[in-house]
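> Predicted structure and sequence below. I'll ask about it afterward.
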Amino acid sequence: MSTALPLESLAHNAPGIQVLNHPLIQHKLTLLREKDRSSSSFRRLLQEISLLMAYEVTREMPTQMVEIETPLERMRSPVIDGKKTVFVVIMRAGAGLLDGMLDVVPGARVGHVGLYRNPETLQAVEYYFKMPAGMPERDAIVLDPMLATGHSAVAAVTRLKATNPRSIRFVCLLAAPEGLRTFRAAHPDVPVYTAAIDRQLNEHGYIVPGLGDAGDRIYGTK
């Protein structure tokens, strides 16, 4: 029987990789992996997981003090500036993580990177790129459910770095050891947040045991 790679094997030995092993995230990820789950159920679970992951990914988000008035007195209290956060969606599957993230940070801006994987070379090919203005003042959180070969993630972050964001973080549901090594070699300064590190890639470049093609399962396509 296939199992995911133990969390400790990479998460605790490689700097910049954080496995979000909260029981609720792990429980919902198990349900998400089931092959007979419907597209509507898959999307709902994906939104719930991304919402839970958002709490961890934004844990170190900067705050500023503002003055408010409670029913009893005035006080100074911290708030975040959500408009300084940009969720960068790697199309198309990355859109499945967006709604949960926006539930937590509704004021965030959204950028898009359109990439597809050449089936012969497994290399990423860009067809679309659009970011909000003022990226040097913003913190970018890149969203893609699967970090498989790592080529799409590397290409997206390389392109994103040209806009000079204040910081970059990469968020995925599943990662393969091969993809993590590729990504960390190219972008050692970008932390990776994932719900699980699976065993390996198969001959077609898919994560195993994995959960299949995330985009197809989100949108009900083949």
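The structure has been received and is ready for your questions.
> show me where pLDDT drops low in the chain?
1-14, 122 (pLDDT under 70).
> okay, which residue is most central for it?
V171 (2.2 Å; C-alpha atoms, centre = their mean).
> so which strand or helix has that one?
Secondary structure assignment for V171, by DSSP states H and E: strand 167-175.
> mind listing what that strand pairs with, with the direction of each?
strand 139-143 (parallel), strand 146-147 (parallel), strand 192-197 (parallel) (DSSP bridges).
> To I207, which of those strands lies closest?
strand 146-147 (6.0 Å; C-beta to C-beta). Heads up, the C-betas are built off the backbone N, CA and C, glycines and all.
> what does the closest one contact?
93, 153, 170, 172-176, 179-180, 183, 192, 194, 207, 210, 214 (C-beta atoms under 8 Å, 6 or more residues apart in numbering).
> Identify the residues contacting A54.
100-101, 103-105.
> From L160, how far out is it?
Here the criterion is C-beta to C-beta, to the nearest Å. By it, A54 lies 19 Å from L160.
> swap in P15?
Counting by C-beta to C-beta - P15 and L160 are separated by 21 Å.
> Strands of this protein, residue ranges please.
Listed in chain order, the strands of the chain (DSSP state E) span 17-19, 63-69, 74-80, 85-91, 109-117, 124-130, 139-143, 146-147, 167-175, 192-197, 200-201, 207-208.
> now those strands in CSV, with distance to I218?
Formatted as CSV, the strands of the chain follow (distance: least, C-beta to C-beta, whole Å):
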stretch, distance to I218
strand 17-19, 23
strand 63-69, 33
strand 74-80, 28
strand 85-91, 12
strand 109-117, 16
strand 124-130, 18
strand 139-143, 12
strand 146-147, 11
strand 167-175, 11
strand 192-197, 16
strand 200-201, 21
strand 207-208, 16
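> Of these, which stretch is the most buried?
Mean neighbour count (mean count of other C-beta atoms under 10 Å) peaks for strand 146-147 among these, with a mean of 26.
> roughly how far is it from the heart of the chain?
Distance of strand 146-147 from the chain centroid (C-alpha atoms, centre = their mean, to the nearest Å) equals 8 Å.
> Check stretch 30-47 too.
For stretch 30-47, the distance to the chain centre is 17 Å (C-alpha atoms, centre = their mean).
> Could you do stretch 174-191 as well?
Stretch 174-191 has its C-alpha centroid displaced from the chain centroid by 13 Å (C-alpha atoms, centre = their mean).
> contact partners of it?
5, 10, 14, 16-18, 145-151, 153-154, 157-158, 161, 168-170, 192, 194-201, 207, 210-211.
> And for stretch 64-73?
74-81.
> and of these, the nearest to S38?
Nearest member of these to S38, counting by C-beta to C-beta, is I80, at 35.3 Å.
> need the contact list for that closest one.
58, 61-64, 105 are the contacts of I80 under C-beta under 8 Å, 6+ apart.
> With distance to V89 added, can I get those in CSV?
Listed next are the contacts of I80 as CSV, based on distance: C-beta to C-beta, whole Å:
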residue, distance to V89
T58, 16
M61, 19
P62, 23
T63, 25
Q64, 27
V105, 14
